[in-house]
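K.L.:
Predicted model and sequence follow; I will ask about them next.
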Amino acid sequence: MDRLGYVVSAYELIRSQSLPGELIPASRVGLMLRAAHGGPRWEEHGFKALKDLLHLMEDQGLLRIDETSRGAFAIKLEDKEPPVRGPTTASGDSRSMSNQLLRSEVWRAFVMEEPPGRRFLNKESAEVLAGLQEPPSPSEDWIELAPVPAETQRDWAKEFLGELGLMSNSKILDSLVADDWYRTFRLALGEHSPALVAEWNRRRSSLVTQQVRQWCNENGLSHTIAFRNRVRIERLPPSHPLLGSNLQWDEAALRSIVIKAFEGAPIEWLLDVSIPSKYILRALMGRSAQS
């Protein structure tokens, strides 16, 4: 999932677990997002803090920043659809592409120059391998991907700047020269206007998606091999909210929910959770005292 896809997914998750006009504490939002789909982190999508993600959503008109009666950071959702949609329906596919996003490994294989070498996709398992000289064995099970050249993507960026009248901005143009232009370009855009970063991500995602769909068509592949279903959680009617209005979100309730979430999480995910060492030491000392 790319950054923009994460924003949409996060917004839809928050909306599905809240009531219209409800004031939602940021702490509760954090729990929602951490618990979803094995615990994706907003840090992994370029947001240093949860507030940064929520402020971006506010800039896009998806929510309004507020505070609780105790002065805690909170949000209220705006009743509108997210500004980002997936690819449109492709002819010949039985499922709508509007609820799908490119698989992350497919995205990387089509847009990233590293690792150097050829990239292949398994026609049966949809596994993607990169940095190869020859197709894996048996070769008939694999098909070579056609990555979008970096120069083509830079041309997309220049066309984007041209439409905005920013071709005279030397700082932004110079950002396209770097090897990691996709990062420096976003940084330069963000310094000029944070809203342009989202616009560029949306443009690039759309263009890459078109390339992938065309590649699938040319090779007689179903589009579903390159895309994954975007999780859409239906908004629940006010009479049956997922998180009832009578639920008290005090510290004890939150602690109980978090503990239950950890109990059901796979061990490989738990090992990746960042826990301050003092709490681990306390737990070890408590266990030693009981033994």
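P.N.:
Structure's in. What do you need? Residues are numbered from 1 along each chain as shown.
K.L.:
quick one, helices of the stretch 51-200 of the chain?
P.N.:
Per DSSP state H, counting those that start in this stretch, the stretch 51-200 of the chain carries helices over the ranges 104-111, 150-164, 170-174, 181-192, 194-218.
K.L.:
what's the closest of these to Pro25?
P.N.:
For these, the distance to Pro25 is smallest for helix 194-218, at 24.7 Å, taking Cβ to Cβ. The C-beta positions use only the backbone N, C-alpha and C, and glycine is treated the same way.
K.L.:
So which elements touch that closest one?
P.N.:
Judged by 3 or more Cβ pairs under 8 Å, 6 or more residues apart in numbering; DSSP states H and E, the packing partners of helix 194-218 are helix 3-16, helix 50-59, strand 100-102, helix 104-111, helix 150-164, helix 181-192.
K.L.:
switch to 7 Å and redo it
P.N.:
Here helix 194-218 touches helix 3-16, helix 104-111, helix 150-164, helix 181-192, going by 3 or more Cβ pairs under 7 Å, 6 or more residues apart in numbering; DSSP states H and E.
K.L.:
weakest of these in terms of mean pLDDT?
P.N.:
Among the helices and strands packed on helix 194-218, helix 3-16 has the lowest mean pLDDT, at a mean of 78.
K.L.:
What's the mean pLDDT across the very next helix or strand once past that helix?
P.N.:
The helix or strand immediately downstream of helix 3-16 is strand 24-25, counting by DSSP states H and E. Across strand 24-25, pLDDT averages out at 92.
K.L.:
next one: stretch 131-141
P.N.:
Stretch 131-141 comes out at a mean pLDDT of 91.
K.L.:
one step back: same list as before, the helices of the stretch 51-200 of the chain that is, but in CSV and with distance to Gln133 and mean neighbour count included.
P.N.:
CSV is the format used below for the helices of the stretch 51-200 of the chain (distance: least, Cβ to Cβ, whole Å; neighbours: other Cβ atoms under 10 Å):
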stretch, distance to Gln133, mean neighbour count
helix 104-111, 16, 19
helix 150-164, 21, 15
helix 170-174, 35, 14
helix 181-192, 25, 17
helix 194-218, 21, 18
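K.L.:
Quick check: Leu196 touching Leu187?
P.N.:
No - assessed by Cβ atoms under 7 Å, Leu196 is found out of contact with Leu187, at 11.3 Å.
K.L.:
before we move on, the earlier item: I'd like the helices and strands packed on helix 194-218 as JSON lines, with distance to Glu43 appended.
P.N.:
Formatted as JSON lines, the helices and strands packed on helix 194-218 follow (distance: least, Cβ to Cβ, whole Å):
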{"stretch": "helix 3-16", "distance to Glu43": "11"}
{"stretch": "helix 104-111", "distance to Glu43": "16"}
{"stretch": "helix 150-164", "distance to Glu43": "25"}
{"stretch": "helix 181-192", "distance to Glu43": "16"}
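K.L.:
for those helices, which one sits closest to Leu221?
P.N.:
With respect to Leu221, and counting by Cβ to Cβ, the nearest of the helices and strands packed on helix 194-218 is helix 104-111 at 11.3 Å.
K.L.:
That closest one vs helix 150-164, what angle?
P.N.:
90 degrees (axes from the mean of the first three to the mean of the last three Cα atoms, to 10 degrees).
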